[in-house]
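Novice: build the 3D model from these lines:
(chains A and B)
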Amino acid sequence: MSRENEFVGRGAALKRLARSTKEWIVEIWSYDSGKAGLVLLVVFVFLAFYALAVIPPDYMYIWNNPKYWQDHPILAPPQWVRDLGYQRALHKAVFFHKPSSKTFSEGFNVYVYRMSYRLDVNDYPQNLVIKISELRAAWIGERAAPVIAVLKVRRPDRVVITAYVDTITPRRGERVMFVESPYMVSMDRNRVASEIAAKVLKRPDVSLDPQLANEYLFGRVKLGPHGEVVVTPLKGVYTITLELRYPAEVRVRNPAKEVELVVVGNCFGLMGTDLVGRDLAQGLLYGFPIALLIGFVTSLASRLIGLFTGVISGYYGGVVDEVLQRVIDVMGNIPLLPFLILVVSVSPVEWRLWIIVIVLIVFGWGGLAIVIRSMTLSIKEEPYIEAARSVGASNARILLRHVIPQVIPYTIASLVFSVPSAILAEAGLSVIGLEHGWPTWGKILAAARQAQRYDVWWWIIPPGVLLALTSLTFVLLGMAMERIVEPRLRRT
Amino acid sequence: MGVGTTLARRAVALTIALIIVVFLTAIIIGATGYDKMVWQAIITEQVRAYKTALQQRKIPSSELEAKVRAYRQQLEELYGVNKPWYQRVIPLAINTLLLNLGFSNSHDVADVAGIPYPVRVGDAIMACLPRTIVMITVAQAICAAIALLIGPLIAYRHGTLLDRSILSYAALTNALPVWWLGMLFIYLFGFNLGIFPTDYHAVIAYINTFAQNPVHNLLMIMYYAALPIITIVIVFLGSWFYSVRAMVLRVVREDFVMVARAKGLPEKYIVTRHVLRAAAPPVVTSVILSLAGSIGGYIITESVFNWPGMGTLYYAAVTSADVPTILGLTYMLTLVYVIARFILEVLYILLDPRVRL
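Specialist: Numbers count the residues shown, from 1 in each chain, chains lettered A, B, ... in the order given. All right, here's what the predicted structure looks like:
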C-alpha cells in the first residue's frame, strides 16, 4: 500500500468516525432525556473551560488560606436575596489607584481616599476593611518616619467616628512596603465602641460591647428605660475616608499603588459566602473542571480496561480467561467504599484525589468486562469471523476490525453511565472528613458539615444540586444511549 | 460437571477471595506504615505527658532524659512499633481469619460501640450490627418489597405516562447523593419543622435496653430510624424500579412469552408461570446482594446522621488506625457477602434448571 493510499484510508476512517458520531448525537437528540442531557453537558463543559481560563494558578492555596478572605462577609447569603425583599446590607468595595484629594494639616501631608456608602435596609454591615498594596515609606534623609493611617466614618447624623488608627513604620531600608502581601486591617472594634458611647450616646461611662461595634457604627444607639442599649439601623449615606498622613517634609506623588476600602456587607455576590468568608460562587465554578476531570479520567480508563480484558477474555478463552475471571471475582467481593476509605486514609493528603481516581479505575472495570466477554463469546461464533480467519486475518486484525467495533457502542453507553461515580465518591469522602486539599463541591459541603451549619441554605444546597445535576446529565445521556445500544428497550 | 462439583468450585473461589481481601487490607495498613504513624503520635503524646510529670517532681535532667528514653522504648515495645510491619499485621490477619478478633485499641471505636474501653472487636461489631439493620437493611427491604410489587406492573405499562414518570423519577434519584438529601432533611424536618430528631446518636440507649421495655423502645427506635429510612427509600427506590422493570421487560419481549400469548393463555397465568419465573434469577440476585451489602452500613449516610452503626464503626477504626477492628469488620462484611453469593449459586440451580447441566 502506498503512502498516499494509507493517508486516504485514514481520512476515510476519520470521516466514518465523524459520521457515526453525528448519527449518535442525532439519535440521542431524538429522545427527550437525551436532549436534556446534551444541553446540560454542553453547559457544564463550557463552565469547566471558562473556569480553567479564569482560575488563578495558586487557587488551592488561596482557597485554604483564611487570611485571603478577610475582606469578605462571613456567612452572607447571595446578594440577590435583597431583590426578594430580605433586609441585607449591601457589600461595597472601592479600589483607588490615586488619592481622592490631598490636604495639609497640623504639619502633615494628608492623602485622602474617600468613598460613600448608602445603607438602604434595616440591617448592619459586618465590618470595615482597609487593604493597601505597595505603600510608599516616609524617609526623611536616612531616618524612617511612620505613615499614619486614619479611618474615619461620617454618619448620616453628621457624627464622625474614627474607626481605626495605625502608625506604619517601614523596616530597615524599605522604600515601598507591602509588596508581597497587602496591608489588610479591619476596624478597631474597641475604639468604635468607646467613640460611639462618647459621641452618639454622649455617655463615655457606658461600656458598649465591642463585638457589636459594627451595629453601633451603622445604627442609632439609645439607652432604654432600664439602662439597656437599644440599637436600630441608621439608614442614609455614610462617608468613609482613609487618611494617609506623611510628615510635612515628605512629599510623594502617589502614596500607594492600590488602596481598597471595603464596607463588608451582609450579603455577597452570586452565591454568598461561607464561615471563613470564601466566595462560594468562585468555589463552585472552580469545582466544575475538577469534577468533570476526575469523572472522565476514571470512567474512560476503567472502561478501556474493561473493554480490552473482556474482549481478550472472551476471544482467547483458556487460561487467560480463567485468570481474568477469577481476578474479577475477587474484586467483586471487595467492599469497595470501605476499601477506598482505607486506602485514601493511609495515603498522603496531596495524593488523595488521584488515589481515589486510581482505586476506582483499578476496581471499576469488572462489571463491563463480564458483559463484553459474553458479547465477544457470541460474536466469535459468527460466520464472518470464521471467514476472516480463513482468508488469513490475524487475531489482532479480527479483534480490531470485527469484534471491538461491535462492542464499542455498549462501552460508550457504560462510559457515560459511570462518569458520576468518581465525582460522587470524591464528594462523599470529603463529606465524612477525608481531606484532600482541592476546592471541590464535596469539600464545600464538607466545610458546612464540619461547621454543623445545615441551616445555611446557600452553603448546603448549591454544591449538592451541582453534584446531582452532573450525575443527572450523565444518567440522562446514558439512558438515551442505552436505548440505542439495547434495541429491546427502544420505544415501541 | 455435577451440581456438587460446581458448588464446590464456587465455594473454593469465594473462600480464596475472602482470604485475599483480609490479607490485602492488612498489607495496605502495614506496608504504608499507617498504623505505625498513628501509634507514633500516641507514643509521642504519652512520652510528653510522662516528661512533664517527671519535671514537676524536679528530677535532675540527666536522669530525666534516661528515664524518658526508657519509657519511650517500653511503649514502642508494648505497641509493637519497633517490629517490621509484616510482623505486626500478618499475625493479626491470620487471627482474624480464625475468628480470633481480639481487642480493639481505640477509644473512638469503644465510643461508637457505646461500650467502655477496652472493647472486644466482636462485641463492638455485635453492638453496631443491630443499629445498621434497623436503619439500612430495613430501608433496603422496604425498597425491594415496593419495587417487586410495582416493578412488574410498570414493565407491563411500558411507554405509558406512568412508566415515563417513574423513569424520570429513577433518573433524578439515581443522580441524587443520598447523604446530601439526608443533610437537607435533617435541616428541614429536624431543625426547621422539629418533626424528627437532629442528632441520632441517642438511638443507642433504646437499642441497648430494648428488652426492658420493648414497646416503648421499639417506638423510640422507629422515631429515630424514620427519617434515615425515608431518605434512603426515596433515593434508592428509583434505581430499584428501574432495574426490576428492565429485568421484567427483557423477559416480556422474549419469544416464549409471545408464544404463550399466541396460544391464548390467560395473562395472569403468563405473568406468574412464564415471566416471573424467568425474571426471578436476576431479581433475586439484586435483592439478596443489596441486603447482604447493607449489613456493612452506608458509611457516609451514617456519618451524616451520626448513626452509630457499622459504617460509623468502620470509619472510627480507620481514622484511629485500629487494625484489629478494621480487619474484623472487613472480614465479617466480606464473609456475609460471600455467603450471600454462595446462597445465590444454590438458588440459581433451584430457580433455573438450565444451570444444573
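
Novice: any idea which residue sits dead centre in chain B?
Specialist: The geometric centre of chain B, computed from its C-alpha atoms, lies nearest to B:Gly296 (Cα atoms, centre = their mean), at 1.1 Å.

Novice: doesn't that residue fall inside a helix?
Specialist: No: secondary structure of B:Gly296 (DSSP: H, G, I helix; E, B strand; the rest coil): coil, not part of a helix.

Novice: now it, what are its backbone angles?
Specialist: When read as degrees, to the nearest 10, the backbone of B:Gly296 gives phi -70, psi -10.

Novice: near chain B, which residues of the stretch 201-350 of chain A?
Specialist: The stretch 201-350 of chain A has residues A:326, A:329-330, A:332-335, A:337-339, A:341-343, A:345-347 near chain B, with proximity defined as Cβ under 8 Å from any Cβ of the partner chain. (Glycine included, C-beta is placed from N, CA and C.)

Novice: farthest pair within these?
Specialist: Greatest spatial distance among these (Cβ to Cβ): A:Arg326 and A:Ser345, at 28.3 Å.

Novice: more neighbours: which of the two?
Specialist: Here A:Arg326 and A:Ser345 are compared on neighbour count by other Cβ atoms under 10 Å in any protein chain shown; more neighbours surround A:Ser345, at 21 against 13.

Novice: ok, now which ones touch the more buried one?
Specialist: With contacts taken as Cβ atoms under 8 Å, 6 or more residues apart in numbering or on different chains, A:Ser345 has the following neighbours: A:434, B:34, B:318-319.

Novice: repeat the analysis, applying 10 Å as the threshold.
Specialist: A:352, A:355, A:429, A:434, B:28-29, B:32, B:34, B:38, B:315, B:318-319, B:321, B:326 (Cβ atoms under 10 Å, 6 or more residues apart in numbering or on different chains).

Novice: quick one: which of the residues you listed is most hemmed in?
Specialist: Highest neighbour count within the contacts of A:Ser345, by other Cβ under 10 Å: B:Ile326, with 32 neighbours.

Novice: the closest residue to that residue other than its chain neighbours - how many residues pack around it?
Specialist: Nearest residue to B:Ile326, sequence neighbours excluded (Cβ to Cβ, 6 or more residues apart in numbering or on different chains): B:Ala317, at 4.8 Å. By other Cβ under 10 Å, the residues close to B:Ala317 number 27.

Novice: mind listing what B:Ala317 touches?
Specialist: Under the criterion of Cβ under 10 Å, 6+ apart, the neighbours of B:Ala317 are A:338, A:342, B:104, B:106, B:108-109, B:112, B:121, B:124, B:323-330.

Novice: let's see that with 7 Å instead.
Specialist: Each residue near B:Ala317 by Cβ atoms under 7 Å, 6 or more residues apart in numbering or on different chains is listed here: B:106, B:109, B:325-326, B:329.

Novice: so who does B:Leu327 touch?
Specialist: Per Cβ under 7 Å, 6+ apart, neighbours of B:Leu327: B:22, B:25-26, B:92-93, B:96.

Novice: which of the helices or strands spans it?
Specialist: B:Leu327 is part of helix B:323-351 when elements are defined by DSSP states H and E.

Novice: do A:Ala301 as well
Specialist: Using DSSP H and E, A:Ala301 falls within helix A:280-316.

Novice: show me what the helix or strand that that helix is followed by is packed against.
Specialist: Secondary structure here is assigned by DSSP H and E; on that basis, the next helix or strand after helix A:280-316 toward the C-terminus is helix A:318-333. Contacts defined by 3 or more Cβ pairs under 7 Å, 6 or more residues apart in numbering or on different chains; DSSP states H and E place helix A:318-333 against helix A:280-316, helix A:366-380, helix B:3-31, helix B:323-351.

Novice: would you format those as CSV with mean pLDDT and distance to A:Gln126 included?
Specialist: CSV is the format used below for the helices and strands packed on helix A:318-333 (pLDDT from 0 to 100; distance: least, Cβ to Cβ, whole Å):
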stretch, mean pLDDT, distance to A:Gln126
helix A:280-316, 93, 16
helix A:366-380, 89, 52
helix B:3-31, 86, 47
helix B:323-351, 87, 45
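
Novice: ok, which of these comes nearest A:Glu482?
Specialist: Going through the helices and strands packed on helix A:318-333 one by one, with Cβ to Cβ as the measure, helix A:366-380 comes closest at 12.3 Å.

Novice: what residues sit buried inside the next helix or strand after the closest one?
Specialist: Elements were assigned by DSSP H and E; along the chain past helix A:366-380, the next helix or strand is helix A:383-390. Of the residues in helix A:383-390, those scored as buried under the neighbour-count criterion (16 or more other Cβ atoms under 10 Å in any protein chain shown) are A:385, A:388.

Novice: could you give the angle of helix A:383-390 to helix A:366-380?
Specialist: Here the directions of helix A:383-390 and helix A:366-380 differ by 80 degrees (axes from the mean of the first three to the mean of the last three Cα atoms, to 10 degrees).

Novice: list of residues touching helix A:383-390?
Specialist: Contacts to helix A:383-390, defined as Cβ under 7 Å, 6+ apart, come from residues A:379, A:398, A:402.

Novice: distance of the second one from A:Ile372?
Specialist: Think A:Ile398. The spacing between A:Ile398 and A:Ile372, counted by Cβ to Cβ, to the nearest Å, is 15 Å.

Novice: re the thing from before, helix, strand, or coil at the residue nearest to B:Ile326?
Specialist: Per three-state DSSP, B:Ala317 ends up helix.

Novice: elements contacting the top helix by length along chain B?
Specialist: Determined from DSSP state H, the single longest helix within chain B is helix B:214-252. Contacts defined by 3+ Cβ pairs under 7 Å, 6+ apart place helix B:214-252 against helix B:138-156, helix B:161-174, helix B:178-185, helix B:203-208, helix B:276-294.

Novice: quick one: end-to-end distance for stretch B:113-131.
Specialist: Taking Cα to Cα, to the nearest Å, the span from the opening residue of stretch B:113-131 to its closing residue is 10 Å.

Novice: from A:Phe296, how far off is the residue in the stretch 1-150 of chain B that chain A sits nearest to?
Specialist: Using Cβ to the nearest Cβ, B:Tyr34 is the residue of the stretch 1-150 of chain B that sits closest to chain A, at 3.8 Å. Here the distance between B:Tyr34 and A:Phe296 works out to 30 Å (Cβ to Cβ).

Novice: can you check B:Phe189 too?
Specialist: To A:Phe296, B:Phe189 is 36 Å away according to Cβ to Cβ.

Novice: please apply the same query to B:Ile230.
Specialist: Applying Cβ to Cβ, the value for B:Ile230 to A:Phe296 is 34 Å.

Novice: next: A:Tyr61.
Specialist: As judged by Cβ to Cβ, A:Tyr61 and A:Phe296 stand 25 Å apart.

Novice: quick one: which of the two has more around it?
Specialist: Counted by other Cβ under 10 Å, A:Tyr61 and A:Phe296 do not tie: A:Phe296 has more neighbours, with 15 against 11.

Novice: contacts only, for that one.
Specialist: Shown in contact with A:Phe296 (Cβ under 7 Å, 6+ apart): A:Val419.

Novice: quick one on the thing from earlier: between the contacts of B:Ala317, which is closest to B:Thr209?
Specialist: Within the set of those, B:Val109 lies nearest B:Thr209; the separation is 21.3 Å, counting by Cβ to Cβ.
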